[in-house]
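here's a sequence, model it:
(2 chains)
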Amino acid sequence: MQFKEATKYRTNYCGTLSAEDVGSRVTVSGWVAKRREHGEHLAFVDLRDYTGIIQCVVDGSVDVRSEYVLSVTGTLSKRPEGTVNDKISTGEVELTDCEVEIISNSDTPPVPLDEYSYSEESARLKYRYIDIRNPRMQRNLRLRSAMNASLRQSMIEQGFVEVETPLLWTPTPEGAREFVVPSRRQVGSFYALPQSPQIAKQLLMVGGVDRYFQIARCLRDEDLRADRQFEFTQLDIEASFVDEIDVMGFISKALKKTVSDLLGIEDIDIEKITWLESMRSYGVDKPDLRYDLKIHDISEYFKDTEVNALKAESVQAIVVKGGAEFSRKRLDDLVKRAIELGAKGLLWLKVVPDGESISFDSPISKFLKEKDILGFKESLNLSASDLVLVISGQWRASVEVLGAIRSELGKELYLNSEAKGNNRELKFVWVTEFPLFDGLDDSGNPISAHHPFTMPHSQDLDLLETEPLKVRSSAYDLVCNGWELGSGSIRIHSREIQEKVFKSLGLSIQEAQEKFGFLLDAFKYGAPPHGGFAIGLDRLVALIAGEDSIREVIAFPKTQSGADLMTGAPGEISGLLMRELGIKFSKELHGGQRVKSEKEAFS
RNA sequence: GGACCUGUAGUGCAGCCUGGAGUGCACGUCGGCCUGUCAAGCCGAAGGUCGCGGGUUCAAAUCCCGUCAGGUCCGCCA
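Reported below is the predicted structural model:
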């Protein structure tokens, strides 16, 4: 541990004291982790700081309690024979002849801090300042700081320049719901807190910054999850005169350095698959590659089947090794889950031994014809005790439902089982060639999958006007263990292509001008080809720390309903302030519910 | 907006299905004893709006309805 200069309160950190320095007089400060009294002649006080714990031996009783803040000066001594504690880093030594100064006392903490206790998250969040003393939070926050330092260093080494962009930006019509800030100087107008510095960084490219990065806070007023908070942090980058390969290279390099610096894992492997491959094999655009459990397209074997449930545009299956032992209830739950996820149903077939061969135990067994059975066997390479899960219907919907089931089964069978070692593995993958558009809106216009400035794939430009939904883009995601870590793209720098894309989106030039005028104007004055990326740092550090929720790597996170249990936020503001801002609150208005149109908003 | 899980002492839980006095466990807290403990030990004590509101019942922590809070997920997150 890196020793800092001594202060009045401290010559050393608790957890760093070792047998090497025995004999010296040291001063440590920290919190009382434990006190053990042995009558009036002897007491032990375990003092804790973020580096660890040191045992202080006090001759006589000492009036301290858990979480009192002490400064202790004592002689670093070897522990007597037979009293070494090998559970702590300082277990060979202790402080003797202690002078104890009580700096602060403490009430009994409402959340216990020892490693054997676990409190409910709501209690931890209400008393976050105590919870942060916990070694787990200390480790996570320090890991995060080290990650930021490592990424920042890597970006600077790669010629990037750190530029700060405004938090008070102008409202942008597309994308996530924005947090807004009322303007006092122009009553009735609002700033918006940025969903990301997307447009700002593109303007920096026009400005000749060449390579920009920022550890940027992004804000989106959308519902919260284990991996989503209102505000989150991204390593945001943008570079000029680059293509996809270059951008992925910058990020890969930074990522490899960070994983090496933080975990000591050198040169991690980052796989690469296209969006289409990912959807086909995993049913999601953020595949978890820690386990196989791939989706198989078995449509061709059931073209002329007589089984009603298999008559469909597509038939997709996953094979669960050893799944034949699932109970009936378990299988019913899977069917229920599939229906909940939007499938019409889910077929299951247990593979059971049948003499030398195998046969199926399934609700549809008696409807299966010889050639159906052959189809399953040939295409899926089955063996006894397997379980086959089948969904039929439209291709996209089928693989998506199966993909969701795959990920739930994968977590249970491969990550939380005895093979839990897998859990700490990091499987990074680039997902490339995302479609440019994702579905149609209510007026029948395509919807941007990424954002409207994403460059279409060079081979698909001709399809823009004819078959827009088939157009691939230059957008790519970075995925790790089933988490979307970030995304990026090459941007359109040609007015001609930009106009074509707007046209496909159903936006007239005038509308586009109204919405993104300042960006389009900027592009009139010499826009370099450029592209960029953003990695979600809350998610990255959670993965590195082995945490399932990003709340564990954020000092003061909010609950799922968007509350801060410690401060009580969101809170009310004074009537005075509201008047200054020209704001009036009306309980009759929709209050939190999604409002889909201007008409609805003012009805 | 929707589905599911959870809410009992400062903390973590059991009790709930099958209603019968706040019945209980562990940690912590407080007091006493204790000169080598280390999740110290031994003895004793205090500590409860069973989230909140309503209903059913002779009787509700327990059953029913509503509501609030926390969590997981769907929708949402260009």
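
dihedrals phi and psi, residue A:520?
phi -60, psi -40 (degrees, to the nearest 10).

any idea how many residues pack against it?
18 (other Cβ atoms under 10 Å). Every residue, glycine included, has its C-beta placed from N, CA and C.

so what pLDDT did it get?
Predicted confidence (pLDDT) at residue A:520: the value is 89.

so it sits right up against residue A:498, yeah?
Yes: between residue A:520 and residue A:498 there is a contact at 7.2 Å, judged by Cβ atoms under 8 Å.

hang on, residue A:152 packs against residue A:215?
Yes: counting by Cβ under 8 Å, residue A:152 does reach residue A:215; the two are 6.8 Å apart.

quick one: is the helix or strand hosting residue A:214 near RNA strand B?
Using DSSP states H and E, residue A:214 sits within strand A:211-219. No: interface with RNA strand B: strand A:211-219 contributes nothing (Cβ under 7 Å from any atom of the strand), its closest point being 8.6 Å away.

which helices and strands sit right next to that strand?
Judged by 3 or more Cβ pairs under 8 Å, 6 or more residues apart in numbering; DSSP states H and E, the packing partners of strand A:211-219 are helix A:135-157, strand A:161-162, helix A:198-206, strand A:231-240, strand A:530-536.

okay, now the sheet partners of the last one, with direction.
What it means is strand A:530-536. strand A:231-240 (antiparallel), strand A:483-490 (antiparallel) (DSSP bridges).

all strands of the stretch 351-500 of chain A, in order?
A:357-361, A:387-393, A:428-432, A:437-440, A:446-448, A:476-480, A:483-490 (DSSP state E, counting those that start in this stretch).

list the buried residues of stretch A:318-328.
For stretch A:318-328, the neighbour count (16 or more other Cβ atoms under 10 Å) marks A:318, A:319, A:320, A:323, A:324, A:326 as buried.

does the second one belong to a helix, a strand or coil?
Under DSSP: H, G, I helix; E, B strand; the rest coil, the three-state class of residue A:319 is strand.

for the strands of the stretch 351-500 of chain A, which one sits closest to RNA strand B?
When the strands of the stretch 351-500 of chain A are compared by Cβ to the nearest atom of the strand, strand A:446-448 sits nearest RNA strand B, at 4.3 Å.

by contact count, what packs against that closest one?
Contacting strand A:446-448 under the criterion 3+ Cβ pairs under 8 Å, 6+ apart are the following elements: strand A:437-440.

next, name the residue at the spatial heart of chain A.
The residue lying closest to the centre of chain A (Cα atoms, centre = their mean) is residue A:539, at 2.9 Å.

quick one: contacts for that residue?
Contact partners of residue A:539, counting by Cβ atoms under 8 Å, 6 or more residues apart in numbering, are A:227, A:480, A:483, A:484, A:485, A:550.

repeat that with 6 Å
Contacts for residue A:539 (Cβ atoms under 6 Å, 6 or more residues apart in numbering) come out as A:227, A:483, A:485.

just the buried ones from these?
The neighbour count (16+ other Cβ under 10 Å) marks A:227, A:483, A:485 as buried among the contacts of residue A:539.

mind pulling up the pLDDT for the first one?
In this case it means residue A:227. Residue A:227 carries a pLDDT value of 97.

residue A:331: neighbour count?
18.

helix or strand: which one has it?
helix A:328-340.

related to what we said a few turns ago, would you turn the buried ones among the contacts of residue A:539 into CSV with distance to RNA strand B?
Shown next, in CSV, are those (distance: Cβ to the nearest atom of the strand, whole Å):
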residue, distance to RNA strand B
A:227, 7
A:483, 10
A:485, 13
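
how is the nearest residue to residue A:331 once chain neighbours are set aside assigned, secondary-structure-wise?
Spatial nearest neighbour of residue A:331, excluding adjacent residues (Cβ to Cβ, 6 or more residues apart in numbering): residue A:348 at 5.2 Å. Under the three-state scheme (three-state DSSP), residue A:348 adopts strand.

burial of residue A:348, as a residue count?
What residue A:348 shows, counting by other Cβ under 10 Å, is a neighbour count of 24.

tell me the bridge partners for it.
Under DSSP bridges, the beta-bridge partners of residue A:348 are residue A:389.

number of nearby residues for residue A:286?
Using other Cβ under 10 Å, residue A:286 is surrounded by 19 other residues.

wasn't it part of a helix?
No: counting by three-state DSSP, residue A:286 is not part of a helix but coil.

and the pLDDT for residue A:599?
Residue A:599 carries a pLDDT score of 60 in this model.

quick one, phi psi at the closest residue to RNA strand B within the stretch 351-500 of chain A?
Residue nearest to RNA strand B within the stretch 351-500 of chain A: residue A:451 (3.4 Å; Cβ to the nearest atom of the strand). Torsion angles at residue A:451 (phi, psi; degrees, to the nearest 10) stand at phi -150, psi 160.

that older thread, which SSE is the residue nearest to the centre of chain A in?
Assigned by DSSP H and E, residue A:539 belongs to helix A:537-545.

can you tell if that helix touches RNA strand B?
No: applying Cβ under 7 Å from any atom of the strand, one finds helix A:537-545 separated from RNA strand B by no less than 11.0 Å.

report the distance from the helix or strand just after that helix to the chain centre.
Following helix A:537-545 in sequence order, the next helix or strand is helix A:575-581 (DSSP H and E). How far helix A:575-581 lies from its chain's middle: 38 Å, per Cα atoms, centre = their mean, to the nearest Å.

report the separation between the closest residue to residue A:98 other than its chain neighbours and residue A:100.
In space, and not counting its chain neighbours, residue A:98 is closest to residue A:74: 4.0 Å by Cβ to Cβ, 6+ apart. Using Cβ to Cβ, to the nearest Å, we find residue A:74 at a distance of 9 Å from residue A:100.
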